[in-house]
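Asker: Starting from these lines, generate the structure:
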Amino acid sequence: MTGQARLEIRNLTRRIGQRTLVDKVSLQVAPGEVAGVLGPNGSGKSTLLRMVYRTQRPDDGDVLLDDTDVWTMSARHAARHIGTVPQDTPGDFPLSVRDVISMARVASKQLLEPTNQSDRVLVDTAAELFGLSELLDRRFGELSGGERQRVLIARALAAQPRLLVMDEPTNHLDIAHQIGVLQLARELGVTALIALHDLNLAARFCDTICLLRSGSLVGADTPENLLTPTTVQQVYDVPVDIQTHPTTHRPLVVIL
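Answerer: Next comes the predicted model:
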């Protein structure tokens, strides 16, 4: 369904008045990799992602998608290449689930070009991936928070993006769907930048982890290299033990 792009974030900075929300953060994500952005509340995760998907313009720095600055792209061009799942789930669209997912296809069309069979197949496939096939005719506003979240993720994937940016997509989801969303991101092979709270989910599914604290980059590396007791305590102010998961062999963070 999706393509791959190389993402490079260079010295990205965002200020509001005298307050620096994100301070010279740099990160590279190779094509097809899943990168997790982690940190406590207020660390700058959402601000960083918003600068990537073009809802907050950086004060300094660059966001490069295959060497092209996303802020030089038109809104339509960017929407063709970047699929977005924002943190805040809209309360109520006067639209069906099918209509909401179909919105993803608009950027790929000429003005007033109608929906075609290819669009319908992409929408149906995205809905099926997230167990939404039975809900396609339901009104979006009638769904639970978890169902809405799955619809918005399906919408992002229906656009066939080369970069998928998701801000805490596991919010409102039960454990099975949390795992399913992240597993699907890996299986599809799409380049993904995902803000997460759960260190163990990030350790299991991410190739790279970017740790933020107070808007600054603490480190960016593989989960095995970055998730150490010293680093986790530095970022979250809690003592932890790092073990190895007996099945996945990925780091397992145990709060002491």
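Asker: Which residue ranges of the stretch 101-250 of the chain form helices?
Answerer: 117-129, 145-158, 175-188, 199-205, 223-226, 229-236 (DSSP state H, counting those that start in this stretch).
Asker: in the fifth one, what counts as buried?
Answerer: Within helix 223-226, the residues that count as buried by 16 or more other CB atoms under 10 Å are Pro223, Leu226. Using the backbone N, CA and C atoms, a C-beta is placed for each residue, glycine as well.
Asker: Please name every helix or strand in contact with that helix.
Answerer: Under the contact criterion of 3 or more CB pairs under 8 Å, 6 or more residues apart in numbering; DSSP states H and E, helix 223-226 touches strand 208-213.
Asker: just the second one next, same as before
Answerer: Judged by 3+ CB pairs under 8 Å, 6+ apart, the packing partners of helix 145-158 are strand 82-85, helix 97-102, helix 117-129, strand 163-167, helix 175-188.
Asker: Repeat that for the last one.
Answerer: The contact analysis (3+ CB pairs under 8 Å, 6+ apart) places helix 229-236 against strand 208-213, strand 216-221, strand 240-244.
Asker: so where is the stretch 101-250 of the chain shaky, pLDDT-wise?
Answerer: The stretch 101-250 of the chain contains residues with pLDDT under 70 at 107-115.
Asker: what do you get if the cut-off is 50, keeping everything else the same?
Answerer: Within the stretch 101-250 of the chain, the segments meeting pLDDT under 50 span 112.
Asker: Next up, the contacts around Gly146.
Answerer: The contact partners of Gly146, by CB atoms under 8 Å, 6 or more residues apart in numbering, come to His172, Leu173, Asp174, His177.
Asker: contacting residues around Leu163?
Answerer: Ala5, Leu7, Val52, Leu65, His81, Ile82, Gly83, Val190, Thr191, Ala192, Leu193.
Asker: Quick one: the strands in the stretch 1-150 of the chain, in order.
Answerer: Remark: strands assigned in the stretch 1-150 of the chain by DSSP state E, counting those that start in this stretch are 7-16, 19-29, 34-38, 60-65, 68-69, 82-85.
Asker: Just put the ones you listed in TSV and tack on mean neighbour count and mean pLDDT.
Answerer: Supplementary listing: the strands of the stretch 1-150 of the chain in TSV, determined by neighbours: other CB atoms under 10 Å; pLDDT from 0 to 100:
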stretch	mean neighbour count	mean pLDDT
strand 7-16	18	97
strand 19-29	18	97
strand 34-38	25	97
strand 60-65	17	97
strand 68-69	13	96
strand 82-85	24	94
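Asker: Output those as TSV; include the columns distance to Arg162.
Answerer: Output for the strands of the stretch 1-150 of the chain, formatted as TSV (distance: least, CB to CB, whole Å):
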stretch	distance to Arg162
strand 7-16	9
strand 19-29	12
strand 34-38	14
strand 60-65	7
strand 68-69	11
strand 82-85	8
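Asker: can you pull the buried residues of stretch 170-183?
Answerer: In stretch 170-183, counting by 16+ other CB under 10 Å, buried: Thr170, Asn171, His172, Leu173, His177, Gln178, Gly180, Val181, Leu182.
Asker: Tabulate the CA atom coordinates of it in CSV.
Answerer: In CSV, the C-alpha atoms belonging to stretch 170-183 read as follows (Å, rounded to 0.1, in the frame of the first residue of the first chain):
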residue,chain,number,x,y,z
THR,A,170,-2.0,3.8,20.6
ASN,A,171,-4.0,6.2,22.7
HIS,A,172,-7.6,4.9,23.2
LEU,A,173,-6.6,1.5,21.8
ASP,A,174,-6.7,-1.8,23.7
ILE,A,175,-3.6,-3.9,24.0
ALA,A,176,-4.4,-6.0,20.9
HIS,A,177,-4.9,-3.0,18.7
GLN,A,178,-1.8,-1.2,20.1
ILE,A,179,0.3,-4.1,19.1
GLY,A,180,-1.5,-4.5,15.8
VAL,A,181,-1.0,-0.9,14.7
LEU,A,182,2.8,-1.0,15.4
GLN,A,183,3.2,-4.4,13.9
